[in-house]
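Chemist: Sequence first, then the predicted structure, then my questions.
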Amino acid sequence: MLAYSTYSEAGGVGKTTTAANLAVAHARAGLKPLVVPLDPQDGDLSRLFGVDDQRTESVDNLVRHMIRRPKGEFEDLIRTVEGVDIVPEHNMLSDLSEYLQREKDQSEAMGEAFGVHAQLLRVLREANVPDEYDVLICDPPATEGPHLYNAIHATRSLVIPVEPSAKGRAAVEGLEALVAGFEEQLDIDVGVLAAVPVAFKDTRDQRTVLNEIDYAIPEVIGERASLMEGCWMQQCSAFTYVREHRDRDREYELETLAQFDRLARHLEETVGIEAPNPPEPGDLTHEVPLP
Amino acid sequence: MTGMKEGAGEDPFAEDVEPETQDDKPSGDISTEEAQEETETTSRNQSTQQRTMQIPYKFRRDGVQDGRTRVPLFLQPETKNAERDALREMEERFNDDISLTDLREALMRVGLEHLDEAEVHLEEWGYGMTFDD
């Protein structure tokens, strides 16, 4: 299984849209992706796909499973949109840290171990996710904390959308330090599958920053504010947005879609997965094969 | 940039044991645990050697923790630094990423073959000192 977390320094840079569009790109090629977004804020991946309608209700949700208080089966949490299975975010994520700590304290009082950073991995394992899915994508918030740690622990590989600016460079370096400490504490190896420069305007400064990134940069995605905004407005992926909500094709937008397709193929290749039905990159008429 | 290697991390779903943070576990007697593990893996490997034939461990496993038992490892800062230097050195020699876990076990194997030199370090740390007159 291909498993990765998208990480970037801040919301709005393209982390969530990158996760969402890659998930759809994997699904378009006939693979089965599961997306686990973990953002405690509104305006998250669940919102993008329009599956955030129950985030304030007292329904069963991922946090309950992570603290071993599920109200139902893991499968029942899942919503499917555009061929992508999603575990919707819930407001209980805002207090994840406290919930985990309380559970840890209780476990320890009973003489059990409870790793606060290993709970997402446990939930996914117990739900047989590696057998059921080809791709696992976690979309944690940028801030350091149990959301990010659980995501990194459960995926061990990262895709880093990065704004090619001094700020973006600082963010990558900050992440290095964060992950190095985490690797040491938990004794896991974390790898970077790709850095994905987004909102690239091809200035000299930006090219300089790009040259300093040590990781594979399979694609550089241009400034697509209007496309990404459209996705949020219509609550869909860029593929669906261009196909259904644009009255004419814009060449540069089709190229961006092709980039998501190629990026998905690149990520699949790194772990030796071959998609059964890959589209011509950017081909909007490609049918998502039904499972 | 240090810390993260390019490419995929290990497979989080490869191991059977549930990973836990090690901080709160007792350190135990590391050398004994390790020595026992060593003998266990050696005998295990011997029985599977025929089937796995020539495929090296690195390519045979699904993840870096495959076939390994977790043991806590606490290092003094200078050891940690030396380990980091050794990792860089080895990565240069192989022109490839080296897993820290692999390096650590390799160093451990070498150490196990050099108990006399290990004895010197233990003496430096105070083993063998007696306070009788």
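Modeler: That came through fine.

Chemist: Which pLDDT value goes with A:Ser226?
Modeler: Confidence at A:Ser226, expressed as pLDDT, is 91.

Chemist: Give the other helices and strands that the helix or strand hosting it contacts.
Modeler: Using DSSP states H and E, A:Ser226 sits in helix A:225-234. Judged by 3 or more Cβ pairs under 8 Å, 6 or more residues apart in numbering or on different chains; DSSP states H and E, helix A:225-234 is in contact with helix A:15-28, helix A:45-48, helix A:238-245. From N, CA and C alone the C-beta is placed, and that goes for glycine too.

Chemist: and the ones you listed, which is most packed in?
Modeler: Ranked by mean neighbour count, those are led by helix A:15-28 with a mean of 28 (mean count of other Cβ atoms under 10 Å in any protein chain shown).

Chemist: Can you name the element that comes right after that one?
Modeler: Helices and strands here follow DSSP H and E; after helix A:15-28, the next one along the chain is strand A:33-37.

Chemist: Now do stretch A:88-104: everything it contacts.
Modeler: Contacting residues not belonging to stretch A:88-104 are listed as A:37-40, A:44-46, A:51-52, A:54-56, A:59, A:61-64, A:66-68, A:77, A:79, A:114, A:116, A:119, A:145-147 [Cβ atoms under 8 Å, 6 or more residues apart in numbering or on different chains].

Chemist: List the buried residues of it.
Modeler: A:88-94, A:96, A:99-100, A:103-104 (16 or more other Cβ atoms under 10 Å in any protein chain shown).

Chemist: Check which residues of the helix or strand hosting A:Leu210 are buried.
Modeler: Assigned by DSSP H and E, A:Leu210 belongs to helix A:204-211. Of all the residues in helix A:204-211, those buried under the rule 16+ other Cβ under 10 Å are A:206, A:209-210.

Chemist: Show me what that helix is packed up against.
Modeler: The elements that helix A:204-211 packs onto, with contact taken as 3+ Cβ pairs under 8 Å, 6+ apart, are helix A:166-186.

Chemist: Pull out the buried residues from the helix it packs on.
Modeler: For helix A:166-186, by 16+ other Cβ under 10 Å, it's A:168-169, A:171-172, A:175-176, A:178-179, A:182-183, A:186.

Chemist: what is the rounded mean pLDDT of the next helix-or-strand element following that helix?
Modeler: The helix or strand immediately downstream of helix A:166-186 is strand A:191-197, counting by DSSP H and E. If you average the pLDDT over strand A:191-197, you get 91.

Chemist: Stretch A:129-139 now?
Modeler: The pLDDT scores in stretch A:129-139 average 96.

Chemist: could you say which helix or strand contains the closest residue to A:Val242 other than its chain neighbours?
Modeler: Leaving aside its sequence neighbours, A:Val242 sits nearest to A:Glu253 (Cβ to Cβ, 6 or more residues apart in numbering or on different chains; 5.4 Å). Element membership of A:Glu253, judged by DSSP H and E, is helix A:251-270.

Chemist: Quick one: work out the angle between that helix and strand A:191-197.
Modeler: 170 degrees (axes from the mean of the first three to the mean of the last three Cα atoms, to 10 degrees).

Chemist: lowest-pLDDT helix or strand in the chain?
Modeler: No chain in the question, so chain A it is. helix A:166-186 (a mean of 77; mean pLDDT, DSSP states H and E).

Chemist: that's the wrong chain, I wanted chain B
Modeler: helix B:30-52 (a mean of 44).

Chemist: need the next SSE after that one, C-terminal direction.
Modeler: As assigned by DSSP H and E, the chain's next helix or strand after helix B:30-52 is helix B:57-60.

Chemist: any idea how far A:Asn211 lies from chain B?
Modeler: Separation of A:Asn211 from chain B (Cβ to the nearest Cβ, to the nearest Å): 13 Å.

Chemist: coming back round to it: which among the buried residues of helix A:204-211 gets closest to chain B?
Modeler: A:Val209 (13.1 Å; Cβ to the nearest Cβ).

Chemist: Quick check: pLDDT value at the closest residue to that closest one other than its chain neighbours.
Modeler: The shortest distance from A:Val209 to any non-neighbouring residue, by Cβ to Cβ, 6+ apart, is to A:Pro164 (4.5 Å). Per-residue confidence (pLDDT) for A:Pro164: 83.

Chemist: A:Pro164: neighbouring residues, count only.
Modeler: 26 (other Cβ atoms under 10 Å in any protein chain shown).

Chemist: wait, is it part of a strand?
Modeler: No - A:Pro164 is assigned coil when assessed by DSSP: H, G, I helix; E, B strand; the rest coil, not a strand.

Chemist: close enough to count as contact, it and A:Pro197?
Modeler: Yes - counting by Cβ atoms under 8 Å, A:Pro197 is a contact partner of A:Pro164 at 4.8 Å.

Chemist: any residues touching stretch A:253-264, and which ones?
Modeler: For stretch A:253-264, the surrounding residues in contact (Cβ under 8 Å, 6+ apart) are A:21-22, A:24-26, A:28-29, A:194, A:196, A:218-219, A:221-222, A:224, A:227, A:238-239, A:242, A:246, A:275, A:278-279, A:281-282, A:284.

Chemist: The same query, at a cut-off of 6 Å, please.
Modeler: Stretch A:253-264 has contacts (Cβ atoms under 6 Å, 6 or more residues apart in numbering or on different chains) with A:21-22, A:25-26, A:218-219, A:221, A:224, A:227, A:238-239, A:242, A:281-282.

Chemist: what does stretch A:53-62 give?
Modeler: Contacts for stretch A:53-62 (Cβ under 6 Å, 6+ apart): A:71-72, A:87, A:89-92.

Chemist: Kind regards, and thank you for your time.
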